[in-house]
Structure formats: C-alpha cells, structure tokens
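# Next come a sequence and a model predicted from it.
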Amino acid sequence: MDQQTPQVTSANTIALPEMRRYTAEELKAAVLAKLTYAVGKNSIAASQRDWFLSVAFATRDIVVERWIESTTATYQDGRKRVYYLSLEFLIGRLLYDAMTNLGIVEPMTAALSQLGLDLAAIRKMESDAALGNGGLGRLAACFMDSMATLSIAAYGYGIRYDNGLFRQIIRNGWQQEAPEDWLAHGNPWEFERPEVSYAIGFGGWVEAVGDGEESMRHIWHPAETIEAIAYDTPMVGWRGRHVNTLRLWSARAVDALKLDAFNAGDYIGALSDTVRAETISKVLYPSDATPAGQELRLRQEYFFASASLADLVRRHLKQHGDIRSLPDHAAVQLNDTHPAIAVTELMRILVDLNQLPWEEAWDVTRRVFSYTNHTLLPEALESWPVPLMERLLPRHMQIIYLINAVHLDAARRKGLSDPSVLASISLIDEHGGRRVRMGSVAFVGSHKINGVSALHTELMRQTVFRDLDLACPGRIVNKTNGITFRRWLIECNPRLANIIVATAGEKALENPEVLRQFGKLADDASLQEHVALARRANKLSLARYMAETLNLRVDPDAMFDAQVKRIHEYKRQLLNILETIARYNAIRANPTIDFAPRVKIFSGKAAASYVQAKLIIKLAIDVARVVNSDPTVRGLLKVAFLPNYNVSLAETIMPAVDLSEQISTAGMEASGTGNMKMALNGALTVGTLDGANVELKQLVGDDNIFIFGMTAAEVESSRAGGIDSAQRIAASPILREALDEIANGVFSPDDRARYAGLVENLTHHDYFMVCSDFDAYWATQLKIDQAWRDRKRWVRSSIVNTANVGWFSSDRTIAEYASEIWNAPFRALT
C-alpha cells in the first residue's frame, strides 16, 4: 500500500488516499496463515471459533495497517484531536462492521466459501462487546464510526468492563441479571498496552505549601492508588480511509499480591487490594441503592476521567510542549454527566501539577471542554453527597468550592442577585443534604453545552438549565443525534441497501441528497414489490428467531409492531401493554370485525434496582402468555418479549419492523435513536411529539407518520392541574376494562394482587400521562389498522421514510460538532 501523507485542503477538509482492494485469494491465504500462526491450529482440527479468530485476525491486520498510517499522519500534520469521554461504548460485534468499512465482505465471503465456510455462521461466534446499556452507548459507538469516516483525529475514552451491564435472563417471567462474560474467550480486536499506565488516587489529604495566597501550592496525598491500564481497539471508518482509537481503561492493584499476608496463611486478605481495585472495571452501572454502590460509581467516573486526561495531556506535552496551548490542539467532549469530574481534574492538573494561575487554568479548561446533555430526568443529572466527595476526592472538592465561588461572584456582577436564582445555579445543592451537581459542573466548565434534538435543547433552556443559561448565555446549542448508516442499513439490511444502490446509486448510502432520489420512485409498482419482498424476508428471519428463542410461531405477513428500548416508565411500555390488552378484548368481543393481524414485539432491559421497570417486563410477559394461548384470537394478535436486548438482536429486529413505537411522554425523551434506525429501514412511526420525533415528522411528512397525544407544553400544563387520572379512567370504558383486568389478576392468576400497586399508581399518580394519552393512542392505532390494509400506500410510505431520513446520519451530526463546537478539521463525504 502506498504510504501517502494526507493533505489538509482547507480549514475543515482533509484529502486522504483510497484503500487498496483485496482479492479472495489474498484473503484466503491470510486467513489460513492466521489459523496456523495466531490460533495454532490446522484446518482439520479447527473449530468454528478458531475460524472466527482467524478471520478476525486477518481483518485486523488490514485495519492495523491503516491505523498506523492514520496515527502517523495525525502526528505529521499536527491537526487538532478530539477526545470523546463516555462511560458507555455499545459497539456490538466488530467483525462484519470492520469488513464492511474496509470493503472486503465480498472477497472474504468468496475466500471462506473456498474453504467450505459460511461467513454468516462465523459472524455469530463473536460476542457482543458488553460496554454499554442503551442509546447513550450506542450513540458513542456511532460517533466513533463517523469520526473515523470523516477523518477526524479522535480518541474514544471509557472503561473496559469485564462484565458490562448484565445478561438479561427471564425466569418465570421475571428479569434476572447474570454477568455478561463477553471476554470469556478473549477479544481479538484489542491490544493491551501495559506500558500505558497511570496511577489514580483516592482519599487521603491535601497539603498546602507556601507562605501567601499568591504562592500557595496544594499537594494531594492520596491514601489509595490504583493503576489504570490501557486497552486499545482500532475503529475503522467508511471506505477504510481513516482509523481511530478506542482506548479503554482496566483497573489493577499496584501490588497484586500481599506476599506477607499470603505466607501468613491469609490467602483472601492477600488478594483484598486486587479485588478492591478491579471492582472498578468489573460492571457497568453498579446499583447505587447503597452507600457502597454510590462510592463505586464515583470511583468509576473519576478513574476513567483521570486516566484519560493524564493520557491526553501527556500526548499534548510530548508533541506541543506548552500546556497553555492545549485548547488549540485538543477538544474534549463529555458524553453526559458521567465524565463531569474531568472538569475539576483538569483544573488540578493545570494548577497543582503545572503551576498555571487560576484564571488562566480556568480559561484553558473552558476552551477545552464541551458537554452533551442527554436527559432532563433528575436521576440522570448526577449529584454526589458532599461528604462522599470530601472523603474520596478531597482536592477536587476544594476546587469545586472555588469554582463555585468565582462562578457565583460573576453571576452577581451580571445582576443575578435573587437568592433563589443563585441557589439554582450553585454547584452545591443545599436542599435535603448538601450535594455536588455534576451537570452544573459540566455546564460552567464547558464553552458549549448541546442538547440532542431541537425540542430537548429548547427544554434545556426553559427548565433544568434556565438559570445557568442566564448566568452563562450563548453556550447552549443543538446537535440532533444521528446513527451510522453503515451498521444500521448496509450491514443489518443488505436487501434494502442493494435495492437503494440499484435505484439511486452507491452514493445514496452516504449522501442524504442522493438518498432522497430513492423516494421519488415511491409510487413505482416494481420498486414497491422489491421493497415488500425484502421486508418479508427480513420478517421471516425475525420470525425464525422468535420460534427458536420463545417457541412462538408468528405470521410474517402480520404487522410487526415493535417497542424495543430500555425499560423505563417515561418510555411508556405500559401504554403499549394497555393498548395490547384493549386490542385483545376487542378481538374477542367483536369476532366479525376485520382487525389487522399484529405481532407486538417488546424488548429491553430494566436497571437492576428499578423495581417498577421489572414489574412492567413481568406484565408484558404475563399478557403474552394469556394472549398467545387463547385460540379465540385466531392469529390476529401475538405478543413477544425478546430477552437480552443488545446490538446484535437489534440488527435482526430493525429491518423487520413495520410499526415503530416511539411513545414516550412528551418532553421526556431527549432524542431517541431507535426511531431513526427503524425509519431508515422503512418502518412507519407511531409516536408523540417528543425528542427527534419532531424532526422525523418534518422530514417524512404528516402522511407518513402517526402522531398522537399531548405536546410537552400540554403535559406540563396537565401536571400543574394534578396527576390523578381517576376521572379520565372513568370516562374511558376501554381503558377502565383493561386496568380492571390487570388489577383483578386476569393476567396473573398465580398472584392476583401482583399488579394492584401498579394500577393504583396509574390511577392516582399518573406522572407519565399514560392514562391521559390512552384514548388518543387507541384511536391512532385503529387508524393504523386501516392504513395497513392499503398495502401499496403502506409500502409507499415505507420508501418515503427510508429516503427522507438521511439527515439523521451521524456523519452529519459529527460534522456539526467538528465545525461548530470542536473547531477540528474533517473530510466531508462527497
């Protein structure tokens, strides 16, 4: 391959050489060589997993070649780097993703065929990387793909969780959590970097050195030190032109074994430091229901933020020398509040370790950081008890106090003297026990704060950050989320992708304007037939999965109606379940009515300590058991809860969905990306005007989406008038019947009181407006039944959805970040 240096063609574009092409013979030889020399097997003894490793290592070699070129070029041209700090990176399986971006799927398929192997079967041998929970982590993964695609010099920083979130197991209809041992067979994509290690401190005391305030220096003496060890995974972009690094930190004890304790017979005590240290990188989102759980979460967040900043500062000083120039060469993006402690850590590095004056250090810090807010939910805007912070991070608590004092003084000088406003913008919440507001720390320490949809950004200005926006005007901007079309169209739905290429050309896969041309043929009967056949094939694949997993037989010609996402009350799976029960009742009560046959598909995990969400899962499964065993339904309704939702399962579900349920309480979903993925794959959306549904409606048109329910403003107004829904329920016979059946144990004959509290809560404390929106939702679902019967119109709308959601590409989102927040050069796709 030619070793060409990229050329910076303008302030924000980069020209790069094309990726070389590989033949099937070359790839076959590479796979066989890896089988022999990396796996240590011959073709006779090789298992399916051995072949997977061989293919992964052969693919990785191509990635690494480009990785080294990309890294070398970044050092040579000195371009600005972006550092993306995220507690989650839900990257899923990487083999097919890397092969797609490198353009070697076809020759590798041919090479494996010559060896008597099937690429589709080999792909399934790879474990999903358990490094995330839901939309936040999947967004970070899409952004890593797009930053590489646009040739932005970027690092992703996170934690290398040994067990990730958890593997969801359903026993007797209840969610149970098991360790997600995704590393049990190793990870062929990562490179351990034992030489990249940083000492991370906790606890201890702070020593003040010097005579006067001007010369005073502070030295933190941690009581405990843990090592952060780097593991690097190359992330390849589209066409393989650029490769970035995902650097994940693993926690290790400084002394892995207390030999004196071991020799004294205290074998467990000899390993106590190792166990305590490695706990940090064991599990994503340990329960914070206990003080120990809260401390572990804070330790996790500081651990990875501190290691990441130490790493990027080291790199900057090695290349540029002067710490003051850090904002010119580095942009750090905080993905939600989890990494917010990085603001105080950088101040510690600048002031304590590099002796910058406070004002200069604060200027550098603010210019380096930007912060993405993903939610307005109070529990997601993290806060930590002041006593915990003072004990675990004493120097950082001192820095927070000083940042807060300077921040409040500046607000007073701007005329914000109202005590309630000052209390609102303070970094310390004095109500109900003193707590540090990490969202506010991230806000004041960043030069830009972005929401992730137009509605969400406006609500940020009006609600949670209203007063901070007054104190620090001009910082809030919008950057609507996006998804990578590589994984969520080309890889998971090749049938549709091939139709698009045949119709609008290959550029349609990367250029939204070209993709729109696909929609101009939406009325073409031949195109409609091809799209319908592709979707039916995808639905057959999902139907087979449901048969294998749940022993449930479904009709692929029925409407596949899916709500697949994290289980949470604001996402309103309960509303969908209530409609399912109402539909079940209507089918039995009106056997002569021509109901559109439906398969209701639920999937998602509930947080381990979220009791109500787990109860919702149990209700969905209880309803499925009753409905699916009732012969009077005559196949018009099936209900499925698919366990252990992850990226790979999503790749099976998304191409098969006919109706996408995006029914969150208006004003509570920041953006959503499942709505984008399903619309891209041709699903029609039923949803509220919430999150990115607002932009989706604008893009596809009112005739190609089903909108219902209250707006965010109407929700706020309704809550102000009270959240007791007893009268609404009394006025809605269909809703009342469904709730009565739940409360009376129709779906839980083994425990008739199981859902009494749930129904009581909906009746008298309907904060998420489930009952308030039910009638509108039911009426809209009946309209959807009518629309489904007009198959040509439905398929036309499906084509229009696919053609008009190109704006939701994460390439567009990242280009906006690069040009409007990071000031980082990128190579625009043309």
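Perfect, thanks for sending it.
# So R793 sits against V800, correct?
No. Applying CB atoms under 8 Å as the test, R793 and V800 come out as separate, 10.4 Å apart. Every C-beta, even on glycine, is put in place using the N, C-alpha and C of the backbone.
# For these two, indicate the residue with more neighbours.
V800 (25 against 15; other CB atoms under 10 Å).
# tell me the contacts of that one?
Shown in contact with V800 (CB atoms under 8 Å, 6 or more residues apart in numbering): 519, 522, 700-701, 704.
# Could you pick out the buried ones from these?
Burial by neighbour count, 16 or more other CB atoms under 10 Å: within those this picks out 519, 522, 700, 704.
# returning to what we had before: looking at the contacts of V800, which is nearest S417?
V700 (48.1 Å; CB to CB).
# Please give me every residue in contact with the closest one.
Residues in contact with V700 (CB under 8 Å, 6+ apart) are 679, 685, 797, 800-801, 804-805.
# What of E177?
Applying CB under 8 Å, 6+ apart to E177 gives the contacts 166-169, 608.
# Going by distance to P385, which of those residues wins?
P385 has its nearest neighbour among those in A608, at 21.4 Å by CB to CB.
# Just the element for the residue nearest to P291 when sequence neighbours are not counted, please.
Leaving aside its chain neighbours, P291 sits nearest to L388 (7.8 Å; criterion: CB to CB, 6 or more residues apart in numbering). In the assignment (DSSP states H and E), L388 maps to helix 386-392.
# which strands and helices sit next to that helix?
Helix 386-392 is packed against helix 291-320, helix 394-413, strand 435-437, with contacts defined by 3 or more CB pairs under 8 Å, 6 or more residues apart in numbering; DSSP states H and E.
# so for it, what's the average pLDDT?
Helix 386-392 carries an average pLDDT of 97.
# What are the buried residues along that helix?
Buried, per 16+ other CB under 10 Å, within helix 386-392: 386, 388-390, 392.
# go on, stretch 486-504?
For stretch 486-504, a neighbour-count test (16+ other CB under 10 Å) marks 486-494, 496-497, 499-501, 503-504 as buried.
# one step back: can you tell me which of the helices and strands packed on helix 386-392 is nearest to G635?
G635 sits nearest to helix 291-320 of all the helices and strands packed on helix 386-392, at 46.4 Å, using CB to CB.
# Okay, now the unreliable bits of the stretch 251-400 of the chain?
Counting by pLDDT under 70, the ranges of the stretch 251-400 of the chain that qualify are 378-379.
# Kindly recompute the last result at 80.
377-380 (pLDDT under 80).
# Helices of the stretch 401-550 of the chain, start to end?
Ranges of helices in the stretch 401-550 of the chain, per DSSP state H, counting those that start in this stretch, are 419-425, 438-444, 454-462, 466-471, 485, 494-504, 512-519, 525-550.
# by contact count, what packs against the last one?
Meaning helix 525-550. Helix 525-550 sits against helix 494-504, strand 637-642, helix 647-653, helix 791-804, with contacts defined as 3+ CB pairs under 8 Å, 6+ apart.
# What of the first one?
In terms of contacts (3+ CB pairs under 8 Å, 6+ apart), helix 419-425 is packed against helix 394-413, helix 466-471.
# export the ones you listed to CSV and tack on mean neighbour count and distance to P286?
Shown next, in CSV, are the helices and strands packed on helix 419-425 (neighbours: other CB atoms under 10 Å; distance: least, CB to CB, whole Å):
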stretch, mean neighbour count, distance to P286
helix 394-413, 18, 21
helix 466-471, 19, 30
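# Sticking with K600, tell me its helix or strand.
strand 598-603.
# C-terminal to that strand, what's the next element?
With DSSP H and E, the next secondary element past strand 598-603 is helix 611-628.
# Buried residues in that next one, which are they?
For helix 611-628, burial by neighbour count (16+ other CB under 10 Å) applies to 613-624, 626-628.
# Give me the residues contacting that helix.
Against helix 611-628 from outside (CB under 8 Å, 6+ apart): 170, 173-175, 552, 567-569, 573-574, 577, 580-581, 584, 602, 604, 606-607, 633, 637-641, 742, 746-748, 754-755, 758, 761.
# Over to stretch 275-289?
87-88, 130-133, 159-166, 179, 226-227, 249-254, 293-294, 296-297, 299-300, 303, 607-609.
# re earlier: quick check: helices, which of the contacts of helix 611-628 are part of them?
573-574, 577, 580-581, 584, 742, 758, 761 (DSSP state H).
# Among the residues you listed, give me the pair with the biggest separation.
Every pair of these checked by CB to CB; the farthest is Y584 and N761, at 22.2 Å.
# Please identify which of the two sits among more neighbours.
Y584 (23 against 18).
# Tell me the pLDDT of the closest residue to the more buried one other than its chain neighbours.
Of all residues beyond its chain neighbours, the one nearest Y584 is V627 (5.2 Å), with distances taken as CB to CB, 6+ apart. Here the pLDDT value assigned to V627 is 98.
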